[in-house]
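Visitor: Provide a 3D model corresponding to the input given below.
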Amino acid sequence: METIYRNKLYAALLLLVSLFIAFTAVAPLAIMKLAGLFVLAIPFVLVILAKIKLNNQTMTVLIILMVYINVFNAIAAFKFVPLILDLLLVFVLLKDFVANGTKNKIVFYLVLSFLVLSLFQMVNPNVPSLQAGLEGFRKTSFYLILLLLGLNLKKNQEDRTLFFKRLVLFSIPILLYGIKQQYFYSSFDEVYLQANDADQYTGQLFGQVRSTSFFAGPFHLGMFSAFIAIACLYLMSTAVTIKQKSLYTAALVVAVLANYSSMTRTNLIALCLILFIYFTFSNSKRVSIVGKWLFMITAAGLLGLLLASDDSGVFTPDSGIFNSILHATSDSRFLGRVEGWLNIVQLSMNQPIMGYGMGSAGDTLGSIYNYGVHVTSHNLLLKFLLETGVFGLLMMLSLIIYLTVMLSRGAFSKTRSTIQRNAALLGLCSLILFLLNGMSIASIEAYPIAGIILFTLGYTLPNQDEKVDTHSNSELQVGR
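Guide: Sure, this is the predicted structure:
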């Protein structure tokens with residue numbers, strides 16, 4: 001079966017190459033040269049595609065590449081790099097699906113239905129061009145395939161722990177660079193900040209530049225650092241030596257500092273909430289002891305900063321980030337978003353079924369929507385509603401509810417090992433982080449962290465192929 005599949009794959013690739021070469025017969029010389037390079041690369045491409053498959057190693061490499069993809073943002077050829085990575089993700093998913101099918105039909109059919117609906121919405125009369133439709137599809141729907149990849153990846157405790165160890169390790173330089181931007185801003189930082197999608201208004205708070213690291217905006221860094229903080233807590237539950245616990249604790253501190261450096265108030269609130277949830281419900285005594293101390297120290301520090309800020313009771317640009325959270329209702333940013341939300345609701349009432357097509361609520365896509373309706377949603381569910389109509393919203397709500405229920409069952413199940421329960425708790429906290437950000441931004445657009453969270457949801461969702469181990473020493477086996 002595998003041989004037949006591989007032969008069909010090679011035949012399809014060779015057909016595409018033949019068509020491309022035929023096209024170059026009437027194409028300019030530059031394209032002919034490009035075709036020549038493409039032909040020379042065919043053997044290497046075929047070898048890679050034949051060898052690559054869905055496993056922990058493959059996904060570790062692809063996810064880490066996603067984390068560092070924006071390093072190429074200042075290079076002219078940047079647009080081709082994420083495209084290649086996107087194609088690899090699709091190929092890995094299709095190859096595994098043909099060979100093994102899906103491990104959760106409910107999630108699979110909900111995601112597939114939404115993807116099909118999104119494809120139809122690319123040709124919505126409101127969408128001005130194919131480019132607008134494609135970019136809107138990529139921002140809203142494409143990275144749901146990472147949820148399926150995480151779902152189909154074999155659930156193995158040791159592999160899962162190793163994946164998050166590597167992710168945290170490779171994330172440290174990204175987080176440290178974000179912290180550096182907050183305190184030691186330089187001309188090198190300007191290169192990346194100018195290349196970001198975020199405008200000047202979004203990129204600043206109280207007249208100070210928000211840290212973004214190599215990401216497209218401050219919310220991306222805020223979400224990413226909060227996620228890494230929770231991953232560190234999960235790894236603490238697998239640690240068996242003082243050295244391991246010390247390293248994960250140090251990484252947690254770096255993640256918290258990077259979160260603050262992003263100056264995104266939503267993510268500060270989300271970080272505090274998910275840390276509290278994990279500390280409260282974690283089944284590991286190691287996390288409970290370390291977590292209580294860290295939480296008390298963090299709470300005391302935040303309280304001190306809050307008390308030191310302006311206590312006038314009215315938000316002003318000089319109030320400080322913590323005081324602004326308390327007086328959000330007088331914040332012009334919040335009030336502006338409320339006005340936008342009401343506008344989206346009114347627009348959706350005019351076209352509740354059809355919606356306005358992919359990208360109509362896409363951040364940074366206003367420039368290519370030269371006619372028709374386009375708004376910046378600043379809300380995840382309203383984005384789904386405006387772009388895909390009521391049916392798309394119901395599909396996504398169903399998916400969110402299902403994931404919440406299944407992850408909650410996995411986190412609090414008495415028939416699963418401590419590590420398995422903590423893995424599900426990691427997924428549940430990641431989902432909460434994603435949804436909390438979705439209250440103030442279209443969090444599914446936050447590349448790459450949205451994709452990483454979606455993959456984590458699939459990877460930590462309990463399914464039938466995951467061996468249930470209730471031994472009390474299961475933690476120690478993983479930590480070795």
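Visitor: can you give me the helices in the stretch 201-350 of the chain?
Guide: 218-236, 242-261, 265-281, 285-308, 321-326, 332-350 (DSSP state H, counting those that start in this stretch).
Visitor: avg pLDDT for the fifth one?
Guide: Yep, that's helix 321-326 we're talking about. Helix 321-326 comes out with an average pLDDT of 51.
Visitor: same deal with the first one?
Guide: Average pLDDT, helix 218-236: 93.
Visitor: dump the residue contacts of residue 222.
Guide: 259, 262, 264, 266-268, 437 (CB atoms under 8 Å, 6 or more residues apart in numbering). The way it works is simple: take the backbone N, C-alpha and C, and place the C-beta from them, glycine included.
Visitor: Excluding chain neighbours, what is closest to it?
Guide: Distances taken as CB to CB, 6 or more residues apart in numbering place residue 267 nearest to residue 222, at 3.1 Å, with adjacent residues excluded.
Visitor: mean pLDDT lowest for which of the helices of the stretch 201-350 of the chain?
Guide: Mean pLDDT is lowest for helix 321-326 out of these, coming in at a mean of 51.
Visitor: Enumerate the positions of stretch 102-109 that are buried.
Guide: 102-104, 107-108 (16 or more other CB atoms under 10 Å).
Visitor: err, stretch 397-415, not the other one
Guide: Buried-residue list, stretch 397-415, by 16+ other CB under 10 Å: 399-400, 403-404, 406-408, 410-411.
Visitor: What of stretch 432-444?
Guide: In terms of neighbour count (16+ other CB under 10 Å), stretch 432-444 has its buried residues at 432-434, 436-438, 440-444.
Visitor: For the longest helix seen in the chain, name the packing helices and strands.
Guide: When the chain is parsed with DSSP state H, its longest helix is helix 380-412. Helices and strands touching helix 380-412, by 3 or more CB pairs under 8 Å, 6 or more residues apart in numbering; DSSP states H and E, are helix 105-121, helix 130-140, helix 332-350, helix 418-437, helix 449-460.
Visitor: Dump those helices into a markdown table; add distance to residue 54 as well.
Guide: Output for these, formatted as a markdown table (distance: least, CB to CB, whole Å):
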| stretch | distance to residue 54 |
| --- | --- |
| helix 105-121 | 14 |
| helix 130-140 | 21 |
| helix 332-350 | 37 |
| helix 418-437 | 19 |
| helix 449-460 | 11 |
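Visitor: hey, least reliable of these by pLDDT?
Guide: Among the helices and strands packed on helix 380-412, helix 332-350 carries the lowest mean pLDDT, a mean of 77.
Visitor: Contacts for that helix, please.
Guide: Here helix 332-350 makes contact (CB under 8 Å, 6+ apart) with 328-329, 355-356, 361, 373, 375-379, 382, 385-386, 389-390, 440.
Visitor: Go ahead and build a PyMOL selection from the buried members of these.
Guide: Entered in PyMOL, the line below selects the buried ones among the contacts of helix 332-350, by 16+ other CB under 10 Å:
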select buried, resi 355+356+361+373+375+376+377+378+379+382+385+386+389+440
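Visitor: on that earlier part again, which one among the buried residues of stretch 432-444 gets closest to residue 251?
Guide: Distance to residue 251 across the buried residues of stretch 432-444 (CB to CB) is lowest for residue 433, with 17.1 Å.
Visitor: residue contacts, the closest one?
Guide: 223, 226-227, 230, 270, 274, 453.
Visitor: try 7 Å this time
Guide: 223, 226-227, 270, 274, 453 (CB atoms under 7 Å, 6 or more residues apart in numbering).
Visitor: any idea how far residue 145 lies from residue 112?
Guide: Computed as CB to CB, to the nearest Å, the residue 145 to residue 112 distance reads 10 Å.
Visitor: Residue 458 against residue 145, yeah?
Guide: No: with contacts counted by CB atoms under 7 Å, residue 458 stays clear of residue 145, the gap being 9.9 Å.
Visitor: If you count surrounding residues, which of the two has more?
Guide: More crowded of residue 458 and residue 145, by other CB atoms under 10 Å: residue 458, with 25 against 21.
Visitor: gap between the residue nearest to that one when sequence neighbours are not counted and residue 104?
Guide: Among residues not flanking residue 458 along the chain, residue 150 sits closest, at 2.6 Å (CB to CB, 6+ apart). As for residue 150, its distance to residue 104 is 11 Å (criterion: CB to CB).
Visitor: send the alpha carbons of the helix or strand hosting the residue nearest to residue 458 over as CSV?
Guide: Element membership for residue 150 (DSSP states H and E) is helix 145-152. Output in CSV follows, covering the C-alpha atoms of helix 145-152 (Å, rounded to 0.1, in the frame of the first residue of the first chain):
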residue,chain,number,x,y,z
ILE,A,145,-4.4,22.0,10.1
LEU,A,146,-1.9,22.2,13.0
LEU,A,147,-4.7,21.1,15.3
LEU,A,148,-5.1,18.0,13.1
LEU,A,149,-1.4,17.4,13.1
GLY,A,150,-1.2,17.5,16.8
LEU,A,151,-4.3,15.2,17.1
ASN,A,152,-2.9,12.6,14.7
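Visitor: what helices or strands is that helix leaning on?
Guide: Packing partners of helix 145-152 (3 or more CB pairs under 7 Å, 6 or more residues apart in numbering; DSSP states H and E): helix 80-100, helix 105-121, helix 449-460.
Visitor: repeat that with 6 Å
Guide: Counting contacts by 3 or more CB pairs under 6 Å, 6 or more residues apart in numbering; DSSP states H and E, helix 145-152 packs against helix 80-100, helix 449-460.
Visitor: Just the mean pLDDT for that helix, thanks.
Guide: Across helix 145-152, pLDDT averages out at 94.
Visitor: For the buried residues of stretch 432-444, name the two members farthest from one another.
Guide: 432 and 442 (17.0 Å).
Visitor: Please list all residues in contact with residue 375.
Guide: Contacts for residue 375 were tallied using CB atoms under 6 Å, 6 or more residues apart in numbering; they are 344, 361.
Visitor: could you say which helix or strand contains it?
Guide: Here residue 375 is assigned to no helix or strand, by DSSP H and E.
Visitor: quick one, phi psi at it?
Guide: Reported as degrees, to the nearest 10, the phi and psi values for residue 375 are phi -140, psi 160.
Visitor: what pLDDT does it get?
Guide: 88.
Visitor: Ok, residue 416 next?
Guide: 81.
Visitor: Tell me which helix or strand it sits in.
Guide: Counting by DSSP H and E, residue 416 is found in no helix or strand.
Visitor: what are the phi and psi angles of it?
Guide: phi -110, psi 160.
Visitor: burial measure for it, as a count.
Guide: Using other CB under 10 Å, the number of residues around residue 416 comes to 23.
Visitor: how's this protein carved up into domains?
Guide: With domains defined by automatic domain parsing, the chain comprises 1-51, 54-220+331-337+355-479.
Visitor: and among those, the most buried is which?
Guide: domain 54-220+331-337+355-479 (a mean of 19; mean count of other CB atoms under 10 Å).
Visitor: name the helices or strands packed onto the following helix or strand past the helix holding residue 150?
Guide: Sequence-wise, the next helix or strand downstream of helix 145-152 (DSSP H and E) is helix 157-183. Counting contacts by 3+ CB pairs under 6 Å, 6+ apart, helix 157-183 is packed against helix 56-68, helix 218-236, helix 242-261, helix 474-479.
Visitor: All good on my end, thank you.
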